Structures are given as structure tokens and as C-alpha cells.
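Colleague: below are the sequence and a predicted model; questions follow.
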Amino acid sequence: MKYLITGGAGNIACQFTHRLPEDAQVILTDVADAPFSGVTPNAVYRKLDVTCEQSVLDTFAEVQPDVVLHFASLLSGKSEADRHAAWQVNMQGAFHVLESALKESVDRVVFLSSIASFGSPLPDPVPEDCEQWPRGFYGFTKAAIERMGFYYKESLGLDFRSVRLPIVISAYPSPGAASSYASNMFIEAVRNGTYQLQVRESSNPAIIFIDDCLKAIDLLTHADKSSLTRASYNLSSCSPTAAEIANAIKNVLGNSEFIFEPNQRVADLIDSWPKRIDDAAARRDWDWKPDFTLEEMTREFVGTLQSLNTEGIL
């Protein structure tokens, strides 16, 4: 199998290479000069700007991928700061990828959407077919690409698969994402013993540990096409409050200080995101279920971060 991953310099893409078969050909593409973290020996990296239609067409024609994982995106903070760039990268980039995939007869395209595509107010839990009225530009682009992918699937026969990720807890959060507060609580507690948050103590959007996130993408990517009943899937793990995350970290690390000084714009955006999500279709169609509770995630993640900090990587 030959996998082409856009946004290939990023956190999820680099770590996902470790979930792919050792004999696979993996082509990571991005605008950065190099991947931001370690990748597998069977992965090669090349620069690609998804906003350039001809470059995307040429890359697909040359590589002839079996599977495309479309991870390229400007995240929430950068999308709000520069809507024009977000339109070019998120919307035009997705269009170029889908058109190229169709032209080169790619077997399947996997797209990373987000719970930010929903907006608020929302029912609790959020059902599979909940109306999507996102409050942020980033969320709007995710919802729109889901609809575009559905068109390519239903009208043009492209195997388009999408999963709506909760906030991902990872050692490599994006500095441009409002959602990075959750990962930074762990990182800064290990590194400095303290962290100041712009969200409220009660903020509790859905989160997922990176290990569970990669597992879910792996399951969806390799699920038999005949088992899929949807184009876009919800994904759920847990939804602790920021105060509960702080307490879980304190229970593992001991002395850690978390200072809550909410920024209304950031806090309101985070509070507009879903908390409990119905992911019954993912559990039924491709056997999804999370492996980590908040407590298990905290013990595992803090241990990982302590090792990285000792090695001078954190």
C-alpha cells in the first residue's frame, strides 16, 4: 500500500506513521522544511503546498497513492487571525486533494474533521446527524469539507471517510490552536510546575488521548468499505472539566499550580464545542472504543513527558 499524507509535518501525521505497516510506502507532504517530530524509516518527506492546484495534481500523478490522508489545515487560532489563508489552505486545499484523488483513481481519502464543526447550543449528547452551525472559521471549513466529501462520495464514487476529532492530548500541540490548552496543562506542569489558562475551570469540551486518536484513524483508514454506513463519523472518549484535568495531574505529579484567567473570546469558543458525543456508528462500523480514561491517560502521558523532559526534548 502507498499512503500519501498532506499536513505531513504535523503532530498527528508524524505519529501516525508509526501505526502504518512497515512494508508500506509512506509519503509525507507539507509546506514546512521538515517534519516536526520523528517518523518511521519507511516514510519520505517532500514539500507540497495544497493551495497550488497544479502542484497537487502533479504530486498525485507522480506518486499514484492508494490511500490519501488529508490532514493539511490551518487550525482554530490561525484561521480566525487570517480567514483568507484559512480559506486557501482548508477549503481550496481540500478541493485540490479531492479533485486529484478522483482523477488518479485513489482508493480512499481519509479526512480529519473536528468537533469544532458543530457550534452551539448543542444537545447533550451530540447525535450523529446533529446540525452543524460552527462559531469559528476553522469549524466552518471543517463542516464545509465534510459536505464536499459527501458529494464526492455519493455523486462521483470517491471513497471519502471523515472523523470528527475531539481535542487531542499530545506532546506536540499546535501553538495556533485554542484547543492546545489541554495538552499544555500536562506539558507545563511537567516542565515548569505551573500553567496559566485562558479557559474557565468548568470548560469541558470532549478530549481524546493521542494514542486513542491514532488508533481511531487507523481503524477508520483500514475499515472495509462495505462496513461503512456514513461519510463522517463522531468520535468520543471523555470530557473532563479543566479543573478535573488539573486535579488528575496533581494526583500524579503532586505540587502543580494552575491559574485560571479566562479570556472571554477563547473561553466562549471552547465552551461552544461539544462535551458528550454519540459515536455509536464508529463503535458499530469499525469497532472503535477508547483505551484510556482520564486517570489512565494522565499516568501514561505524564510518564512520557517526564522522559522527554529528562532527555531535553520537551
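Modeller: Great, that's in hand. Residues are numbered from 1 along each chain as shown.
Colleague: any figure for the gap between the nearest residue to Gln88 once chain neighbours are set aside and Phe111?
Modeller: Excluding the flanking residues, the one nearest Gln88 by Cβ to Cβ, 6 or more residues apart in numbering is Thr51, at 4.5 Å. C-beta here means a position set from N, CA and C on the backbone, and glycine is covered the same way. Thr51 sits 17 Å away from Phe111 when distances are taken as Cβ to Cβ, to the nearest Å.
Colleague: tell me which of those two has more neighbours.
Modeller: Phe111 (26 against 18; other Cβ atoms under 10 Å).
Colleague: what helix or strand is the more buried one on?
Modeller: Phe111 is part of strand 108-114, with elements assigned from DSSP states H and E.
Colleague: what comes up buried for the lengthiest helix in the chain?
Modeller: In the chain, with assignment by DSSP state H, the single longest helix is helix 137-156. By 16 or more other Cβ atoms under 10 Å, the buried positions in helix 137-156 come out as 137-146, 148-149, 152-153.
Colleague: in contact with the closest residue in space to Trp133 that isn't next to it in sequence: list those residues for me.
Modeller: Here the nearest residue to Trp133 in space, its sequence neighbours aside, is Gly119; by Cβ to Cβ, 6+ apart that works out to 4.1 Å. Shown in contact with Gly119 (Cβ atoms under 8 Å, 6 or more residues apart in numbering): Gln132, Trp133, Pro134, Arg135, Gly139, Ser272.
Colleague: separation between Pro35 and Val168?
Modeller: Taking Cβ to Cβ, one finds Pro35 at 17 Å from Val168.
Colleague: between those two, tell me which one has more neighbours.
Modeller: Applying other Cβ under 10 Å to Pro35 and Val168 shows that Val168 carries more neighbours, namely 26 against 18.
Colleague: doesn't that one lie inside a strand?
Modeller: Yes: counting by DSSP: H, G, I helix; E, B strand; the rest coil, Val168 is located in a strand.
Colleague: quickly list what it is bridged to.
Modeller: Judged by DSSP bridges, the bridge partners of Val168 are Ile208.
Colleague: hmm, it is touching Asp211, no?
Modeller: No: between Val168 and Asp211 there is no contact under Cβ atoms under 8 Å: 10.2 Å.
Colleague: how does this structure divide into domains?
Modeller: 2-167+208-234, 168-206+238-275+292-310 (automatic domain parsing).
Colleague: and of those domains, who's closest to Ala281?
Modeller: Closest to Ala281 of the domains of the chain, according to Cβ to Cβ: domain 2-167+208-234, at 5.5 Å.
Colleague: what mean pLDDT does that closest one have?
Modeller: The average pLDDT for domain 2-167+208-234 rounds to 95.
Colleague: all the helices of the chain, residue numbers only.
Modeller: Counting by DSSP H, the helices of the chain are 11-16, 53-63, 76-81, 83-86, 93-103, 137-156, 181-191, 210-222, 242-253, 264-271, 280-286, 294-310.
Colleague: what does stretch 278-292 contact?
Modeller: 125-128, 163, 208-209, 211-212, 215-216, 219-220, 223, 227-230, 233-238, 300.
Colleague: just the buried ones among those, please.
Modeller: Neighbour counting by 16+ other Cβ under 10 Å classes 125-126, 128, 163, 208-209, 211-212, 215-216, 219-220, 223, 228, 233-238, 300 among those as buried.
Colleague: need the contact list for Gly193.
Modeller: Counting by Cβ under 8 Å, 6+ apart, Gly193 touches Leu253, Asn255, Ser256, Glu257.
Colleague: please state the backbone phi and psi of the residue lying farthest from the centre of the chain?
Modeller: Most distant residue from the mean C-alpha position of the chain: Asn255, 30.8 Å away (Cα atoms, centre = their mean). Backbone geometry at Asn255, expressed as degrees, to the nearest 10, gives phi -80, psi 100.
Colleague: pLDDT score for it?
Modeller: Note on Asn255: pLDDT of 85.
Colleague: do you know how far it is from Asn192?
Modeller: 12 Å.
Colleague: can I get the buried residues of helix 137-156 in JSON lines including distance to Ile277?
Modeller: JSON lines is the format used below for these (distance: Cβ to Cβ, whole Å):
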{"residue": "Phe137", "distance to Ile277": "22"}
{"residue": "Tyr138", "distance to Ile277": "18"}
{"residue": "Gly139", "distance to Ile277": "14"}
{"residue": "Phe140", "distance to Ile277": "19"}
{"residue": "Thr141", "distance to Ile277": "20"}
{"residue": "Lys142", "distance to Ile277": "15"}
{"residue": "Ala143", "distance to Ile277": "15"}
{"residue": "Ala144", "distance to Ile277": "20"}
{"residue": "Ile145", "distance to Ile277": "19"}
{"residue": "Glu146", "distance to Ile277": "15"}
{"residue": "Met148", "distance to Ile277": "22"}
{"residue": "Gly149", "distance to Ile277": "19"}
{"residue": "Tyr152", "distance to Ile277": "25"}
{"residue": "Lys153", "distance to Ile277": "22"}
